[in-house]
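[1] structure for the following, please:
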Amino acid sequence: MAKYKVLWLEDEPEKMDAFFDLASNVDIELILVETFKELKEKVLTESKNYFDAIILDAFGLIESKSEKTSLRALNLAIQFITEHKSKDLIPYFVLSAYLGEDDNKSVRDLLGSEKIYIKTNDEKKLLSDILESIPRKVENQLKFKYQSVFEACGENYLDQEKRIFKLLRYVESNDIHDEVDDPEDNLTTLRKIIESLFYKLGKLEIIPSEITTNKGWINGSRNFLSNNHSIFNFKNSLIHPLVLNNLCQLVNILNDVSHAEGDLKLKVDEYLQAQKNDYLYRSYIYLLLDTLNWFKRFMDDNNDINKNKYLWEVVNQDWVVGVVTKIANNGFGSFQPESSDKIISILPNMVEEYNLSESVKIKVILKPNSDGTKLYIKTISKEL
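    Have a look, this model is predicted:
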């Protein structure tokens, strides 16, 4: 059985025996139709991706063999293929007998710069070009279906086309896999795209570049966007809460798999390996696709770096007044700011240095850790 199926519109196939043989030799099955009407019915009847390509004759028949061949059949065929591309993007090629000067001009006006293959002279070249087009057909189909996602991953945005193509080919496969092969490697692909998203938002200063250029920047970026960063405050968060929730969920999952940041214990890798399906992994990919689709529009609407710097501000790092609420047996103290319900630890050496005791009122200067997730006490004063 031939590996590739090519639909061929040709009204004189009896003169083309050699072409059938050439096609068979390169694993192509030519499925013959003699009119445009038959071509249309074939395409609409067969399932998506059934045909790998279509060959059209420059002068063909529209409805029956009794009519005269004309350029209109080619025109109708190209128009139909173009209109059908939202369901199945099928590459087409024009193969014709030698065209006279007047005929060539009429066909050229219709096809523009597209190549016309001449029977006998160009048949091997045509088959070679069809074989080369088949891998591109899959990619082009995906690019058409997921246009905004591919734009978001293009070189002007995240520059992650190869990685997103890998993920899309996976979700477009009809088979539900019994397991996710190498979950860590597959989820790393998602992580790299999320990293690129944060990096791009940093380049645009939507996320302060001071966050994206320092250690712990993945968690730091997530915390900033969710308005939970200790140094920077999003004045008026423009991120839709559902998009933000999905993004944070992805980061938490990917952190767990990478074991690079945080101390999460979701055991994602273990869970995926134990399952007999890949539903969860597919859901992560779709979650990413929705996130990228939303952020593509968001980046387009917020592409002015100078304006973006006004979207956030540096949190006031002045003295914070509060009370020492507890001194533990291990020497650690607990500080309760007056302006917040967050308890902040006091290191044992500072408890001893400042001779702190419970219920004592003090003021401190706070400093965040590298990713902005926690605050620690930099300086203490008992002078209020």
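[2] got a list of contacts for stretch 225-245?
    201, 207-208, 210-211, 220, 223-224, 247-248, 290-291, 294-295, 298, 302, 310-315, 366, 368, 372-375 (Cβ atoms under 8 Å, 6 or more residues apart in numbering). (C-beta placed from N, C-alpha, C; glycine too.)
[3] which residue is the nearest non-sequential neighbour of the residue nearest to the spatial centre of the chain?
    Central residue of the chain (Cα atoms, centre = their mean): residue 164, 4.4 Å from the mean position. Take residue 164 and drop its neighbours on the chain: the residue closest to it by Cβ to Cβ, 6 or more residues apart in numbering is residue 153, 4.2 Å away.
[4] residue 33 too?
    Excluding its sequence neighbours, the residue lying closest to residue 33 (Cβ to Cβ, 6+ apart) is residue 39, at 4.7 Å.
[5] okay, the one you found: pLDDT?
    Among the per-residue scores, residue 39 shows a pLDDT of 95.
[6] in the helix or strand hosting it, what's buried?
    Using DSSP states H and E, residue 39 sits within helix 36-45. For helix 36-45, the neighbour count (16 or more other Cβ atoms under 10 Å) marks 36, 38-40, 42-43 as buried.
[7] now that helix - C-alpha only, CSV.
    What follows is helix 36-45, C-alpha atoms only, in CSV (Å, rounded to 0.1, in the frame of the first residue of the first chain):
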residue,chain,number,x,y,z
PHE,A,36,-14.0,19.5,-10.7
LYS,A,37,-17.3,18.1,-9.5
GLU,A,38,-15.7,14.7,-8.7
LEU,A,39,-12.7,16.4,-7.0
LYS,A,40,-14.9,18.4,-4.7
GLU,A,41,-17.0,15.4,-3.8
LYS,A,42,-13.9,13.4,-3.0
VAL,A,43,-12.4,16.0,-0.8
LEU,A,44,-15.6,16.5,1.1
THR,A,45,-16.3,12.8,1.5
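[8] can you spell out which helices and strands pack onto that helix?
    strand 4-9, strand 28-33, helix 71-83 (3 or more Cβ pairs under 8 Å, 6 or more residues apart in numbering; DSSP states H and E).
[9] not counting the helix or strand following the longest one itself, show me its contacts.
    It stands for helix 71-83. Where DSSP H and E defines the elements, the next helix or strand beyond helix 71-83 is strand 92-96. Strand 92-96 has contacts (Cβ under 8 Å, 6+ apart) with 10, 53-59, 74, 77-78, 81, 107, 111, 114-119, 122-123, 126, 129-130.
[10] off-centre distance for strand 92-96?
    34 Å (Cα atoms, centre = their mean, to the nearest Å).
[11] I'd like the mean pLDDT over that strand, please.
    Mean predicted confidence for strand 92-96 is 91.
[12] that one: partners in the sheet, and parallel or antiparallel?
    Applying DSSP bridges, strand 92-96 is found paired with strand 53-56 (parallel), strand 116-118 (parallel).
[13] where do the strands sit along this structure?
    With strands called from DSSP state E, the chain shows them at 4-9, 28-33, 53-56, 92-96, 116-118, 232-234, 312-314, 320-327, 333-337, 344-346, 361-368, 375-381.
[14] mind putting those strands into a markdown table with distance to residue 278?
    Listed next are these as a markdown table, based on distance: least, Cβ to Cβ, whole Å:
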| stretch | distance to residue 278 |
| --- | --- |
| strand 4-9 | 28 |
| strand 28-33 | 32 |
| strand 53-56 | 31 |
| strand 92-96 | 35 |
| strand 116-118 | 42 |
| strand 232-234 | 35 |
| strand 312-314 | 39 |
| strand 320-327 | 48 |
| strand 333-337 | 46 |
| strand 344-346 | 42 |
| strand 361-368 | 39 |
| strand 375-381 | 40 |
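[15] and those as CSV, adding mean neighbour count and distance to residue 355?
    As requested, those are exported to CSV (neighbours: other Cβ atoms under 10 Å; distance: least, Cβ to Cβ, whole Å):
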stretch, mean neighbour count, distance to residue 355
strand 4-9, 22, 83
strand 28-33, 19, 88
strand 53-56, 23, 84
strand 92-96, 20, 85
strand 116-118, 17, 92
strand 232-234, 18, 34
strand 312-314, 15, 33
strand 320-327, 16, 11
strand 333-337, 19, 11
strand 344-346, 19, 12
strand 361-368, 17, 11
strand 375-381, 15, 10
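[16] do you know which of those strands lies nearest residue 18?
    For the strands of the chain, distance to residue 18 was read as Cβ to Cβ. The smallest value, 12.0 Å, belongs to strand 28-33.
[17] quick one: contacts of the closest one?
    By Cβ under 8 Å, 6+ apart, the list of residues contacting strand 28-33 reads 1-10, 13, 19-20, 23, 39, 42, 51, 55, 127, 130-131.
[18] run a quick neighbour tally on the closest residue in space to residue 163 that isn't next to it in sequence.
    Spatially, and ignoring its direct neighbours in sequence, residue 163 is nearest to residue 189 (5.1 Å; Cβ to Cβ, 6+ apart). Using other Cβ atoms under 10 Å, residue 189 has 17 other residues around it.
[19] make residue 1 into 33 and carry on from there
    With the count now opening at 33, the last piece we talked about shows up as residue 221.
[20] give me the below-cutoff pLDDT ranges for the chain.
    In the predicted model of the chain, residues 33-34, 130-137, 140, 144-145, 206-216, 291-297, 348-349, 402-404 satisfy pLDDT under 70.
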